[in-house]
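Trainee: With the input below, show me the fold.
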Amino acid sequence: MVAALTAAQLVFQDGATQSFTADGRTTYVDRGAPSVGEWSVTGDGTFASFWPPTYRATYTVRWIVEDGARVGVSFTDARSGIRYDGRYR
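Mentor: Here you go, the predicted structure:
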């Protein structure tokens, strides 16, 4: 999972971007406004994110594969079930 998240910057359908670093940091940029958080692997195919001061979320992560190539990852929120697709830039 670390390799999937840190492979490249992710771009979401609404134009927001997110970058993950191997040391557990993440930066989400929405309409030019960056937000810095932390992430960690919590199990096979799941990770947790923390956005100070109090927001925490858990996601299931899966590859997005097109024509046999990994083009990004999808995140499914454990609480809401909402899926977010991020494609590698």
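
Trainee: Need phi/psi at Gly81.
Mentor: When read as degrees, to the nearest 10, the backbone of Gly81 gives phi 80, psi 0.

Trainee: Distance check, it against Thr21.
Mentor: Counting by Cβ to Cβ, to the nearest Å, the gap from Gly81 to Thr21 is 28 Å. Bear in mind the C-beta positions are built from the backbone N, C-alpha and C, glycine included.

Trainee: Over to Ala4?
Mentor: Distance of Ala4 to Thr21, given as Cβ to Cβ: 13 Å.

Trainee: The two: which is more packed in?
Mentor: Set side by side, Ala4 and Thr21 show more neighbours around Ala4, with 18 against 12, by other Cβ atoms under 10 Å.

Trainee: in stretch 68-79, what's buried?
Mentor: Judged by neighbour count using 16 or more other Cβ atoms under 10 Å, the buried positions of stretch 68-79 are 72-73, 75-76.
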